[in-house]
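J.: task: produce atomic coordinates for the following.
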Amino acid sequence: MCGMEIKRHIESAIRAAFDHYPVVTIMGPRQSGKMTLAKKLFPDKPYRTLEHPRTRAMAERDPEAFLAEFPDGAVLDEVQRVPDLLSYIQGIVDDKGKNGLFVLTGSSNLLLMKNVTQTLAGRCAIFTLLPFSMKESARIVDGADALSCILRGGYPRYIVNQEKIPDFFDNYTTTYVERDVHQLLNIKNAMLFTTFLKLLVGRIGSMLDVTSLSNDCGISTKTVMEWLSILHTSYICFLLPPWYENRGKRLIKSPKVYFYDTGLACALAEIKTVAQLMHDPLRGGLFENLVILEKMKQAFNAGERPDIYFYRDSNGVEVDMVEHSGGKLFPTEIKSSATFSPDFCKNLHKFAERYPDKCEKPSVVYCGSDAFTFKGVEFKPFTSLR
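T.: Next comes the predicted model:
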């Protein structure tokens, strides 16, 4: 990235894990900076990418000879391309009996996670690196207003070079999204899949309605679920589950749809300027997406799994984000308005009444500039996320 060295907040957690595990795996979207980070943290390790056809062919043809080149381990990029390699890595780390050997990276969430947890259980620490958080981006670019942050998203290459690559998101969609999807699932109609992506953008922050998506896109409900799974696997979209004390209900009730990068979502929605975003009906959903994504990044960067939900009861009382931590629930309403309204507290108070022993520190994140407390609710300006 133009020779610019940018400290990622996840660095200390990965370094610490490498002292206690023989293998560290870094997962995340393409272009989130996994390879750059691995090379920076472990400059003495040999580096190979399994995206390269010749390297991949060698690893597939003779994995033992391939790994014999690295007696002290290596950084292996896009390792999900040769999943059988993990079994041979397991044998090596068991024979050597020491930590700090291999760093693996990959951009296929479910596939890589399944193979790593099955083959390297107990031998591997797993991390997720998402695009830049707002705090990381703030070290590079000006523009603290919410709409600018939504529009540019967090992909490192775009943050650093956005003036030089104005078509970044179009290329990203073509080069990575469509290619990865074709590798994971044989989708013959690329234009139809792009239409599906755009329909999902229009539903950001909304409850997932599989039947509606099926009807609008002209595909079966089974195909909707398959495509959603692939988009999750490829770190394009994620589904936020509802909060229920009954864990089974969390799994069967409808989740909400969000994107792993708001810049990509804006590009798919053909929102190109802050002025356009200001008046777009998606503004509120995209702001909600950004705030939830920041909470996820905070957890991932600490080496933890996000434990966040939304809340909606049978009476229509809804809270945008609920963090579950230490047996307590931390509810947050997310408002794109810069103007305070007492109504922002209404659902938070009802949530607190529903969970009087668990509810802690109800808050509102909004686009205003003042931080204050109103009727037990903490109001936080958007800039506090930076």
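
J.: from here on, contacts and neighbour counts on C-alpha atoms
T.: Will do.

J.: in stretch 23-42, what's buried?
T.: Under the neighbour-count criterion of 16 or more other C-alpha atoms under 10 Å, stretch 23-42 has 23-35, 37-38, 42 buried.

J.: ranges for the strands of the stretch 201-350 of the chain?
T.: 237-240, 256-259, 308-312, 318-325, 328-335 (DSSP state E, counting those that start in this stretch).

J.: quick one on the thing from earlier: of the buried residues of stretch 23-42, which belong to strands?
T.: Val23, Val24, Thr25, Ile26, Met27 (DSSP state E).

J.: for those residues, which one is nearest Thr105?
T.: Checking these against Thr105 with C-alpha to C-alpha, the nearest one is Ile26 at 4.7 Å.

J.: is it true that the closest one touches Phe102?
T.: No. The pair formed by Ile26 and Phe102 falls short of the contact definition of C-alpha atoms under 8 Å, at 11.0 Å.

J.: Phe378 belongs to a strand, doesn't it?
T.: Not Phe; residue 378 is Glu. Yes. Using DSSP: H, G, I helix; E, B strand; the rest coil, the secondary structure at Glu378 is a strand.

J.: how about the contacts made by it?
T.: Contacts for Glu378 (C-alpha atoms under 8 Å, 6 or more residues apart in numbering) come out as Lys361, Pro362, Ser363, Val364, Ala371, Phe372.

J.: pretty sure the fifth one sits against Phe379.
T.: Yes. If you go by C-alpha under 8 Å, Ala371 and Phe379 touch, sitting 5.4 Å apart.

J.: which of those two has more residues huddled nearby?
T.: With neighbours defined as other C-alpha atoms under 10 Å, Ala371 and Phe379 compare such that Phe379 has more, 23 against 14.

J.: for the more buried one, which non-adjacent residue is closest in space?
T.: Closest residue in space to Phe379, ignoring its immediate chain neighbours: Val364 at 4.8 Å, by C-alpha to C-alpha, 6 or more residues apart in numbering.

J.: what is the longest helix of this structure by residue count?
T.: helix 283-301 (DSSP state H).

J.: make a markdown table from the strands of the stretch 201-350 of the chain and add distance to Leu120, mean pLDDT and mean neighbour count to it.
T.: Below are those laid out as a markdown table (distance: least, C-alpha to C-alpha, whole Å; pLDDT from 0 to 100; neighbours: other C-alpha atoms under 10 Å):
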| stretch | distance to Leu120 | mean pLDDT | mean neighbour count |
| --- | --- | --- | --- |
| strand 237-240 | 26 | 95 | 20 |
| strand 256-259 | 30 | 97 | 23 |
| strand 308-312 | 27 | 95 | 20 |
| strand 318-325 | 28 | 96 | 20 |
| strand 328-335 | 33 | 97 | 22 |
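
J.: got the ones you listed as a markdown table, with distance to Leu228 columns?
T.: Formatted as a markdown table, those follow (distance: least, C-alpha to C-alpha, whole Å):
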| stretch | distance to Leu228 |
| --- | --- |
| strand 237-240 | 8 |
| strand 256-259 | 10 |
| strand 308-312 | 18 |
| strand 318-325 | 21 |
| strand 328-335 | 25 |
